[in-house]
Structure formats: C-alpha cells, structure tokens
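Undergrad: After the sequence you'll find the predicted model.
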Amino acid sequence: MEKIPIQVTVNGQSHQAEVEPRMLLVHFLREELGLTGTKIGCDTSQCGACVVMMNGATVKSCTCLAVQADGADIGTIEGLANGNDLHPIQEAFWDNHGLQCGYCTAGMIMTAVEMLERNPHPSADEVRAGLEGNICRCTGYQNIVKSILAAAEKIGG
Amino acid sequence: MTTRIFGSGIRRREDPRLMTGQAAFTDDIKLLGLLHAAILRSPHAHAKINSIDTSAARAAPGVLAVYTGADTDGVLNPIPCAWLPPDSDIKAVPHPALAVDTVRYVGDGVAVVVAESRYQAEDALELITVDYGVLPSVINPKAAMDPGAPQLHEDAPNNQAFHWVVAGGDADAAFETAAGDPQNHVVVSENIIQQRLIPHAVETRSAIANWQSAMGELTLWSTSQNPHIVRFLCSLVTGVGEHKIRVIATDVGGGFGSKIPMYGDEMVTAFCSMQLRRPVKWTETRSEAYLATTHGRDHVQHVEMAATKDGKITALRVVVHAGMGAYLSTAGPGVPTILHGLMYSGPYDIPNIKGDVYGTFTNTTPVDACRGAGRPEATFLLERMIELLASELDIDPVEMRRRNLIQPFEDGHDVATGVTYDSGNYQGTLDLAMQQLDYPALRQEQAELRSHGQYIGVGVTTYCEICGLGPSQVAGAVGFGGGLWESAIVRFYATGKVNVFIGTSPHGQGEETTFAQIVSDELGVPVEDIEVIHGDTDLTPMGWGTYGSRTTVVGGGAVALSARKIKDKGKALAAHLLEAAEEDIEYEDGKFFVRGSPDQNKTIQDIALMANVAWNMPEGMEPGLEATTFYDPPNFSYPFGAHVAVVSVDPDNGHIVLQRYIAADDCGPQINPVIVEGQVHGGVVHGAGQALWEGVVYDDNGQLLTGSLLDYAVPRAHMVPDMEILSTVTPSPHNPLGVKGIGETGTIASTVTIYNAVLDALKPLGVTKLEMPLTSERVWRAIQQAKGA
Amino acid sequence: MYAPEFEYHRAATVAEAIQLLSSNEDAKLIAGGHSLLPLLKLRLARPSVLVDIGRISELKGITISDGTVRIGALTTHWEIASSHDLEHACGIMAEAAGGIGDTQVRNRGTIGGNVVHADPASDWPTVLTALGAKFNIQGAGGSTRTVEPGDFFVGPLTTTMGEQEVLTSIEAPTLGHHQRAEYAKMAHPASGFAVVGAAVVVTVEGDVCTAARIAVGGLVPVPVRMTSVETALVGKALNQENIAEAASHASNDLQGEILGDFFASAEYRKAMAEVEIRHALFHATEVSHH
C-alpha cells in the first residue's frame, strides 16, 4: 500500500516520515521514532497506557492513525521533564508512591497533565473520574490520586 | 542518631526511569535485524487438526517462515509442568508448544508466522487455512468429571488431573459427632464458586529470542517474574544447555502470577530465532492475552463446617473441583493444593480438617497463580462458613471469630493441616480494625438506614496466609520442581559504591529500594550509593523468582545475611588496620571503631577501598569486599490481619458501592511502610475486582465472552474508595529480618470481606447467597427472588 | 492490534468527501476514529479506502440561535461537554457528552461519528431522540436532507444514511425556562457504555408537568420513545409518587426486541428502564430519591 508523507512535531522536534495509512500513532512513536515511553496495554482504547498529548489535548495513540496526526504537535512522556528537572506531576508521583510497575505511568501522568490544565484544583472524586480512561493494576489508584492532588497543590500554590 | 533507614518511607529508587519513559520493557527493545512473529490461535475449544495449509502465508510479502506443530514437534520438547503434588495421581499430560494434532482451548497455538514487520506477520496469519474437525468440549471444572463428559487427554480418564488430600484430626468423625448430637452442635454447608479470573497485568507478555548459532547461545528477553526458572525450563524445552541460555527479564509491567509460567509462545519465539538465525520478537496483543495468558481461581467448592452451639468450630470438610484448563501450567497444580488446602485452618483453631481437591482438565485457557493464588479461595470459604455459623447461632460475626482465633504466639503454632505458623496476634489486628471502624456506631447507623429502606452492610474478616515460599526441603516434599531459596551478592567497589545482585525478579514491588534500605541499614552506606541489579541471569546469582510474596522475605534475608558477612569481614579488616584486637572493634552507623575510642575508626568506605586494593590485608584474608549468600528459610511466613468493608446496596437496581475499606495487617517489621501500604492498596482493589466486577465467562462451546476490556471489568479509579491502612508488628522468628510477605494479603482478604458486607446489607431482604462477581443484575435478581419467596 | 491495509484520502470539503465515497467502492469515512479504528484493529471492518473528514472545518462548532442549537458533526464530545453556552441553552447535551467514554475518547470522538455508528449502547441516540433533534445530511451533487432520529436509526449499527452521504450537523431545540432535561444511565462497569440509558425532557409549570419527551436506549436496538410514560406524566404534579407511577408504564413502551447479554439480561434491562427513567426524572425535577 502506498505510503503517505507526514510531518509531526514530537516534544518540540519536527519529524518527516512516510507511513503506511494503517500505522497507528502509537506504533509510529514507538517503532519509527523510538519513543517507547508510550505503552500499549490493550486493543480497544480502554487502558490508557498509550495516552499522549496531541495539539494540546490527550488522545489514545492506539486509536489514532499516524496519518491523522500529520501536522500535529505531539507531546509524550519523554518530553515532559525539563532536562533533569522533573515535571511537578512526575515529582508528585515520585513523592507519593504513585507508581509500582510503571507500565501505566506514562499514560497516567499525561492524563494528569491535561486534567490539571483544565481543572487546577480538582477534588479527589474529580481526579478519580478523570482517570476513567486509565487502568492501573498495581496501585489500587489511591496513591495515583494522592499524587495528582499533591501536584495540583504544588502547581496551583 | 539519625532516623533509621530501615522502616523509612523513602522515595523509590526505580521510579525516575519509569516516570520519564526511559525504562526498557521487553517490547521496547529493538535489535538489529529484528523479525516479528505472530501466532495463529485455535478458534475452537476442542478440535482435531485435519490439515493446515500455510502456502499462501509463506508467499505473503515480508514473510520469512511459517511453522506449525509439525515443525516444532520433536524439536521442542513439551512445556513442562513444574509443580506435581505428591500422592495425587497427577497426570502430567504432554503440552506441546504448538498444537500437533488436537487443539484443546480457544487460543491454543497452531502456527507462527515470522515476517519483517508485525503488520506483515498479521496479514500472513490470515492466509493460513486450517481444516478443523470440531469435537465436543467441557468448560465447568466439576462437570468435566461427569460420566460422558468430553475427554481432553487419553492419559487422564474422567479429565481428572489429580486428586490431592489434606487431612488433620478426624473430620469425618467430628461431623458424625455433630450430626449425632444436634442439641449441642450445628453444621452448615455451602456450595461456593470461585469464578475464573484474568490476572490482567497492564503489560502483556513479550519475548525476544536471539540465537547466536556460532556459539550455540540463546538470549531470551522475557516478561517473566522468574527469569532463572525460565532459563531452566527453556533448557529443558529447547535442549540448549542451561549455561548457554541467558534470560533477561528487564522492566516487567506487572505479573500477578501470570508471568510465572513457562509458555509455549516464548519457546516458539526461541524456535523461530534458532531456525532463522535472526532475532525474533513476539509481543502478545491484549486480545491474545485474554486467551493465551493463564487465568486464575476457577474452583467449584462444597464446604461443610461443624461447631458447638456456643460457637466453637469443631471441623471443616471441603471438596474442591479446581479447573486446570486444557493443560497443566507451570505452577498450576500447586495453587489449589499446597497454597490452598494447607491454609484451611486460617487464623482459627480448627481441630479436624479434611480437604479433597480434584484438579480437572477443561477446554479452557490453562489456570495458574493469580494474586493470592489459592489463599483467597481458602480465606473465602472459611470466612463465608463462619458467617453462616454466626447467622445460624445468632452470634455476632465478629464475636464468632473471636471465639475461634488462635491465641497470640511468638514462635510457632501447629495447625491441623500440618503446617507451623511462625508468629501471630490475630486479636491485635482485629481490635485495631474494629476500633477504626467504630463497630457499634456502624451497626446503629445500619439499623437506622434500614428503617428508611436503605441498605448498608459491613463485612469483617480475620485471616492469615502462607507466603514467603519457602524452605526448599518442603518445596521438594510438596512436589515443587525446584528450590525455594534465594541468593544475593553484595559487592563493594573501591569507591565505596555498592551493587546488590539478587536472584529474585521484582516487577513493581520496589525491591530496588527496599533491598538498598536493608544494605544501607546494615552497613551505613547511603541508599544513593547502592544499586540493586536483578532480572538478568548472566548478571545475577541463581534465584527462584518473585511470587508467593517471597521476595522480601527470602531474597531480603539473603541480602541481609550478605551484608552481615560484609560487616564481619569489615570488622576483621578494621581491627587489622587499626592495630586492635577484633573483639575490641565495634560497629555503628557505617563506622568500625575501637571500643572506647570512637575517633580511632575506619568507615565502611575506608574498608571498601582497602579491601579492594588489598595493600594491607590480614594474613589469610582474601581481597575484595563482597559476600554471597544462598539463603534457604527454615519456614514460610504467615502474615495476618483483619479487614473491614462497608458497602451500600441500592435495592432498586442492585448497584453496590464500596464505601469504606479498612485493612489492618501485620507483616512484621516494615522496611518501607509507604511501599507496604502501596502493596495493600493494590491487593485490596484486585480482590475487590473479584468480588464485584471480574469474572471470566465462556459460552457452552468454550468461546471466551469476556475477551476484552469492554467486557472484562478491571477496577477503575472511580469504582473504589480511599482505603484506611493500619498495621501491627509481630516479627517472624524464622528469618533474619523478621519480615513477612505483604504483596498478596490485600487480595486474600478483600474479596470475601466485601462479599460478606454485601450479604450483610441484604440480610433484611432475605438474600443469603450470591454468585461472584456481584453484578447489579445478580443482586437485583436475588432481591426479587427473596421477595417472591 | 494491526489493521489490514487500506488507502487513505483526506477530504478538504464535504463535497470532496462525497466525491471520494462515490469513486471508491467500499470506502468509509473516518473522523475521530473512535468507532471505526477499534473495528479495523480487530480486522472486523475492512474498508478498502478511508476518507478522512477530520479536518473539514465547516463540520465543526456549536452555534446557538433562534431557539436552535446546531452542532457540527465533527464537534468533539469534549467541545460539547465544555461549552458554557450549551450548558445554558441545552444542558442535557453538555452533560451527556461529559459522560461518554473517558477524557481521551471525548477529546477525539465526535457527535457525528457516534450518531452514524448507531451503537445501541451509546448515549447520543437516546438523548437526541428525547430532544427531538434533527440530523442534517448532505449527499451527492450537493443535495441535502433533514432526518429525525426516528427515521435515522434502523437497528444496531444501521442507519438510513446512504453510502455516499455525510452527516453534516445536528440540531436540537434550546430548552426553555420551564423545561428540565436529564440523562441517566446505568453504565457497563467495563466499557462504560449504557446498559440502559434514559433521557427525559419535561416542561414544568408550577409543579405540574405540561409536556414530556422521554426516550430510552442501551436495551433496545434503536432508541424508543416512552409515550405511555409521557402520557402518564403530563398533567401531573412532579412528585415522587407521580414520577414512580408514570415510570411504571415503561414496559408498555418496550414491547419490541430487548437486548440482553451475559452481563445484563433483557429482563433486567427492561426493569432497569423504569428505574433509570425514574432517576432521570428525579434528577431533572430535583425530587429527592429517598
């Protein structure tokens, strides 16, 4: 099948590539760009391990074709920290034991970034509701919620 | 003195790589020339393979090879089962990596395509045509033994995989006594279904095999909880010498038991690499994982309990039919037997116990450990029967438990199943939990709400469990095909920095941190100077892996003992360097000093330097500062606790809300209490999943109906409350740190705690029994039926 | 998962999309992709050509004027859920949009894609049926037509849309001061989809219901209007007893096929329709549940 040229900016860096139309954005990020911090956990856009930022909103990169992302500005977990300075949400996950195996963590953190952009001072219930699209099997969510609330406090002052 | 690092909730050392996307999970790894495999799976639960045509697939773009069972048969040995309980007439039926002439469950591997890309491999998979002769199938573990049931294996008549018995005291006689004296005794019985679960680690399985033909060496990256066992079994299956196999379990995204087993798929991946002499990767899709990665639980139980009228339990009798799936998975048979039946006494004095466990073959995905593995099923039946007894005798359920708890003990207590608990204070955790709950107030609130037609319920569980597997001698005696010791190397470099090499393989439990804390605590080295290495069989000493809540107990014991050996050597070297007698050297906070003259000292870093350069060693002392320990614990560990759930039930629609959850656990001294809490959180929610949402559904033809996250309900954040976590500390006398496992207690206790809470809520409506998961419809229907009755 | 091969074209206008649909056999439109991509990945759908309409700006946006809400087919659930104007004009739409899927699904999934997919378990068809919405459809040669939900949804995953037609926008009436609307659903614990969903739009003068439009979905192949419930409600004071009485008529309106599965049987869902209608009416009219 004919490949299609695309241009995407990922974590501030522009990439040109030719991709098969059927290639998923998550496969493009992982296989073509080597950005493997974004994970795949399911087939049905339920688990949220693949969440990335696309043009300022989170998307499940397993449910988006790379060709649909042509021209887009993508943010992944690899681009979140500022050099060695962790993003406040990363820092909060670290401080509050918000991760165990770490497989869902990229998606959780990307979701949290948007959550706090849209609602800088969420309640615990709002955080839980906002995590509806992200599955974690290790933490029972308690410390993820705690991490996001702590980050909100840190960011919002 | 500063705060002791042992017992401090420091941030985890493994987190930075995991939070930034820099961790390397198996599927993240790419090798030059990497090929991609995809596996064709049986769409039928039971069928003869009449023929397979792979010609079109072979000709498809990018395809290098297509292999079927005909190709692997005789080259790969069958996948072994590694836990064969003795005296159980177990039938270790052959389990080929790819089906040869018969498929026995939906998902059984039939063929593999290797291509330049995974997309191409998937395309080619569709071009394989298989002519199946469909056979009748059986799904239910009890029905599998019915006369006339479809037979899975020639060598296993009546689909019986094994029959294992546990007995202590004389249960039959005790039940006879109870039956003969109804004035003073009561007997309750119940049929319980422990539904089949999907462990559901968020990372699916993945393997990369790289065969270096010139050296005859195989490197296998594998999402495993126990890479050394994989090496061992891989050697048996492939015939490659164990010394020529390197297994790497890099970062692993959760296992929950499902990454213990040796699977055919990984061995097929190795086969492909060996045939094609190129590295091959296979990564399971989630849809595939539902079918091909082991499931858990799947018991049909009949349970009887006898007690005196004043509420003292006299006997327990259990018959279990445990579904093993189509083949015996690596540890599968050990789960409903050793890890289940030996815990029939729980935290209670039960003088007479008998259990008959029948393992049966069914046309389903093989069953193995799933967080808790056997012990949730044991705790459930005990707590359910006690609840029934309490109801029958009109004794408060908490009081009922108190009357039967084993009294506190510090060094060993024998129970009727033949095991010896290490230490326990079951009343202690129960008191703590009940205090947190304010039980009388809750009962009052419940009564008030009921008068307004609103229903809340409370469930209280006391439990103890067996973990920290375990003494190797016992492992051998109970048919486990390996040892259960652990090893650790603590290695100091000249700069005073430390590597700890361990045989266990943590995958989320945080031992890169807790083991550094152990070493830091023992030797006064900052945790930042300690790096824990695990998961690579070429780098790490032999170990049996991370499962059964054994890593910190057994592996941590090995680490502590190695650190203590370092300390002993340090003391001798310090004495030599300080020109003092060894018995005059004292150690504190990383310093060796002459008693009474703390200024005359050598730090552990000084010692590390001097030992590594070896310029001035005492006569006969070897250079280097490194210690290895192979630690075989004298006993299992038996953590315990009391859990409480408060739920509300809406009788209109049957909807349950888990309102409150209290966990009071005792795992002995806690190395990192924040990590301990995290383990309890995850465990409790996993168990809540079984009570309320999770359950595998097959149709009558063995088609999996819960084959995606659209149908199989894993708990999400909004479905569970914040939990209240409490603890007491009762050290185990049986390991160097006094610690007990905590990775599974949450799951072991929470399922039945929530179940009993729901039944408590529904009591005034006349509902006495429900099947799990407690879906809204099941609850609603039970209420309707009770109304009608 | 790995989709089969297909060709990909991006349409800049609706006309171009229709032209691409006409000139390619077995072509399918893709917008947010949240209905189609999962099917593609499971290889349950095999279009030869995908026509991406995701960037056609004329299909996006919310306009409110003259008592009508007009929502472009490509407007995302999130845009609908977060629109303050819409919250005031037709709050039930914002509220229903906020309960669809999860954040990421709402960010990318579109109202048009959802409606055209016609999944019986999705929320929009039920809500739009209760609202008396209209679907604006463009066809070959620039022809347009407007269809009401009752003439649009035919069965599970089936609508009266032609293969060369594009849904361009959805219109719904704004709600007046005396109107209350609410959508209540019993969500599947795994998928979040509606096992049963009930949407109510009632007009209340004083405390008396003067008009009602009620629809249920999730348990039926296409949304069903609850005319018996509506009739029972109109002219009555909206108190707990009257709401419960009216809701009890739900089964009269559910005489056709009822969907059921191993999670929730048809019998249960039918009983729950009454419960969810009640919940929706209680919430809409702020009558205490207990």
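TA: Perfect, thanks for sending it.

Undergrad: mind checking how far residue B:597 is from residue B:372?
TA: For residue B:597, the distance to residue B:372 equals 54 Å [CB to CB, to the nearest Å]. In short, each C-beta sits where N, CA and C put it, glycine included.

Undergrad: And those two? Which one has more around it.
TA: Just comparing residue B:597 and residue B:372: by other CB atoms under 10 Å in any protein chain shown the higher neighbour count belongs to residue B:372, 36 against 12.

Undergrad: could you check the distance from the residue of chain A found nearest chain C over to residue A:41?
TA: For chain A, the residue positioned closest to chain C under CB to the nearest CB is residue A:133, at a distance of 2.8 Å. Here residue A:133 is placed at a distance of 11 Å from residue A:41 (CB to CB).

Undergrad: Common neighbours of these two, please.
TA: With contacts defined as CB atoms under 8 Å, 6 or more residues apart in numbering or on different chains, the residues shared by residue A:133 and residue A:41 are residue A:48.

Undergrad: With neighbour numbers in mind, choose between these two.
TA: Under the criterion of other CB under 10 Å, the comparison of residue A:133 against residue A:41 puts residue A:41 first, with 27 against 24.

Undergrad: Where do the domain boundaries of the chain fall?
TA: You didn't say which chain, so I picked chain A. According to the domain assignment given by automatic domain parsing, chain A is divided into the following structural domains: A:4-78, A:88-156.

Undergrad: could you do chain B instead?
TA: B:31-135+B:203-253+B:259-292, B:298-468+B:636-688+B:718-788, B:485-631.

Undergrad: so which of those domains gets nearest residue B:478?
TA: For the domains of chain B, the distance to residue B:478 is smallest for domain B:298-468+B:636-688+B:718-788, at 4.8 Å, taking CB to CB.

Undergrad: average pLDDT across that closest one?
TA: Mean pLDDT, domain B:298-468+B:636-688+B:718-788: 98.

Undergrad: And chain C, is that domain touching that?
TA: Yes: using CB under 8 Å from any CB of the partner chain, we find that domain B:298-468+B:636-688+B:718-788 touches chain C at B:452-454, B:652-653, B:655, B:719, B:775-777, B:780-781.

Undergrad: What residues of stretch B:90-107 count as buried?
TA: By neighbour count on 16 or more other CB atoms under 10 Å in any protein chain shown, the buried set for stretch B:90-107 is B:90-93, B:95-100, B:102-107.

Undergrad: rewinding a little: pretty sure the residue of chain A closest to chain C is touching residue C:105, no?
TA: Yes: between residue A:133 and residue C:105 there is a contact at 6.7 Å, judged by CB atoms under 8 Å.

Undergrad: so who does residue B:313 touch?
TA: Residues in contact with residue B:313 (CB under 8 Å, 6+ apart) are B:305-307, B:348-350, B:386, B:389, B:404.

Undergrad: In contact with residue C:245, which residues?
TA: Residue C:245 makes contacts with residue C:232, as judged by CB under 8 Å, 6+ apart.

Undergrad: Repeat that for residue B:224.
TA: With contact taken as CB under 8 Å, 6+ apart, residue B:224 is in contact with B:230, B:247, B:249, B:252, B:255, B:259-260, B:505, B:545.

Undergrad: ok, 7 Å please
TA: For residue B:224, the contact set (CB atoms under 7 Å, 6 or more residues apart in numbering or on different chains) comprises B:230, B:247, B:249, B:252, B:259, B:505.

Undergrad: Show the buried residues in the residues you listed.
TA: B:230, B:247, B:249, B:252, B:259, B:505.

Undergrad: Can you check which helix is longest in chain C?
TA: In chain C, taking DSSP state H as the definition, the longest helix is helix C:266-285.

Undergrad: still on that earlier bit, so which of the buried ones among the contacts of residue B:224 belong to helices?
TA: Among the buried ones among the contacts of residue B:224, the members falling in helices are residue B:230 (criterion: DSSP H).

Undergrad: Sitting in strands, which of the buried ones among the contacts of residue B:224 do you find?
TA: In strands, judged by DSSP state E, the following of the buried ones among the contacts of residue B:224 are found: residue B:247.

Undergrad: since we're on residue 13, how many residues are nearby?
TA: Went with chain A since none was named. A count of nearby residues for residue A:13, using other CB under 10 Å, gives 10.

Undergrad: To clarify, I was referring to chain B.
TA: 20.

Undergrad: show me the contacts for it.
TA: Taking CB under 7 Å, 6+ apart, one finds B:512-513, B:516, B:527 in contact with residue B:13.

Undergrad: From those residues, pick the one nearest residue A:150.
TA: The shortest separation between residue A:150 and any of the contacts of residue B:13 is 19.3 Å, and it belongs to residue B:513 (by CB to CB).

Undergrad: roughly how far apart are that closest one and residue B:11?
TA: Between residue B:513 and residue B:11 the distance is 8 Å, computed by CB to CB.

Undergrad: before we move on, the earlier item: I'd like to know which of the buried residues of stretch B:90-107 are part of strands.
TA: Cross-referencing those with the strands (criterion: DSSP E) gives B:102-103 as the overlap.

Undergrad: Could you work out the most separated pair of the buried residues of stretch B:90-107?
TA: Greatest spatial distance in the buried residues of stretch B:90-107: B:90 and B:106, 25.0 Å, computed using CB to CB.

Undergrad: what about the residue of chain A found nearest chain B, how many neighbours?
TA: Residue of chain A nearest chain B, by CB to the nearest CB: residue A:37 (1.9 Å). Applying the criterion other CB under 10 Å, we find 26 residues in the vicinity of residue A:37.

Undergrad: Residue B:763 too?
TA: Counted with other CB under 10 Å, the burial measure for residue B:763 works out to 15 neighbours.

Undergrad: Could you find the closest non-adjacent residue to it?
TA: If the residues on either side of it in the chain are set aside, residue B:763 comes closest to residue B:457, at 7.4 Å by CB to CB, 6 or more residues apart in numbering or on different chains.
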